[in-house]
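Enquirer: got a predicted model here, sequence first, then my questions.
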Amino acid sequence: MTKTRDEIVAAMKAQLDETNAMLGDLETRAAKATAEAQEKYRQQIARLQEQSESAQEKLKELTDAGEDAWEGMVAEAEKLRDAFIHSFNYFKSQL
């Protein structure tokens with residue numbers, strides 16, 4: 001069963017929202033670390049936030065895309081989302 005455009009967009013948005021919420025939790029945990037670790041975590045969090053913003057922007061483009069551009073944009077949006085989630089999970093494992 002293939003997913004509809006709305007289902008794909010909704011699923012991507014849900015994943016990004018969930019990961020962004022968890023990023024907030026990690027920021028709280030990182031604030032409790034040693035001063036040296038905090039700086040390292042701040043840098044990682046800043047990179048994650050940039051990736052999140054890129055994924056959110058791509059999701060908006062995907063939502064606004066016409067049918068002719070839709071297919072090519074789905075793969076690109078999924079790559080950005082996957083990269084953000086992968087980076088987030090790696091960072092989370094380092095805490």
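Expert: Sure thing, it's come through.

Enquirer: burial measure for the closest residue to residue 37 other than its chain neighbours, as a count.
Expert: In space, and not counting its chain neighbours, residue 37 is closest to residue 30: 7.4 Å by C-beta to C-beta, 6 or more residues apart in numbering. C-beta here means a position set from N, CA and C on the backbone, and glycine is covered the same way. If you count neighbours by other C-beta atoms under 10 Å, residue 30 ends up with 18.

Enquirer: what do you get for residue 11?
Expert: Neighbour tally, residue 11, other C-beta under 10 Å: 12.

Enquirer: try the one 3 residues further on
Expert: When counting by other C-beta under 10 Å, one arrives at 10 neighbours for residue 14.

Enquirer: likewise for residue 37?
Expert: 13.

Enquirer: if we can go back for a sec, which helix or which strand is home to the residue nearest to residue 37?
Expert: Element membership for residue 30, per DSSP states H and E: helix 5-31.

Enquirer: coming back round to it: residues contacting the residue nearest to residue 37?
Expert: Applying C-beta atoms under 8 Å, 6 or more residues apart in numbering, we find residue 30 in contact with 37-38, 41-42, 45, 95.

Enquirer: which residues of this structure score low on pLDDT?
Expert: For the chain, applying pLDDT under 70 flags the ranges 1-2.

Enquirer: could you redo the last one with a cut-off of 80?
Expert: 1-3, 5, 67-72, 94-95 (pLDDT under 80).

Enquirer: longest helix of it?
Expert: Criterion DSSP state H: the longest helix present in the chain is helix 35-64.

Enquirer: next secondary structure element downstream of it?
Expert: Per DSSP H and E, the first helix or strand lying C-terminal to helix 35-64 is helix 67-94.
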